[in-house]
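> fold the stuff below for me.
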Amino acid sequence: MVPIVVQFFSKTGVKHGILEFIAQMHESADDLFANIKYVLEANELKLNQLVSLGSDNTN
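Reported below is the predicted structural model:
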């Protein structure tokens, strides 16, 4: 399971938290990107406003 955690600016200030836990079947960068994009869009967040991506335990 991979947590998708965000911090972003809204009209009322900085928001942060866990959006969703996803099951990552394949560990390729393309699959991870597709899953992150899906979660962001499902939560009405825009990919082009993404500032950074942090990950742990990656090679």
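
> any chance you could map the strands in the protein?
Secondary structure of the chain (DSSP state E): strands at 2-10, 13-22.

> what residue ranges in the protein score low on pLDDT?
Counting by pLDDT under 70, the chain has low-confidence residues at 56-59.

> and the gap between the residue in it sticking out farthest from the centre and Ala34?
Of all residues in the chain, Thr12 has its C-alpha farthest from the mean position, at 20.8 Å, by Cα atoms, centre = their mean. Using Cβ to Cβ, to the nearest Å, one gets 30 Å for the distance from Thr12 to Ala34. Just so you know, the C-beta spots here come from the backbone N, C-alpha and C atoms, and that holds for glycine as well.

> equivalent analysis for Met1, please.
Using Cβ to Cβ, Met1 is found at 16 Å from Ala34.

> out of these two, which sits in the busier spot?
Using other Cβ atoms under 10 Å, the more surrounded residue of Met1 and Ala34 is Ala34, with 12 against 7.

> so what's that one up against?
Applying Cβ atoms under 8 Å, 6 or more residues apart in numbering to Ala34 gives no contacts.

> how much space between it and Ile22?
Distance, Ala34 to Ile22, using Cβ to Cβ: 10 Å.

> try His16
The gap separating His16 from Ile22 is 18 Å, by Cβ to Cβ.

> higher neighbour count, those two?
More crowded of His16 and Ile22, by other Cβ under 10 Å: Ile22, with 15 against 8.

> my guess is that one contacts Met1. True?
Yes - Ile22 is within contact range of Met1, at 7.0 Å (criterion: Cβ atoms under 8 Å).
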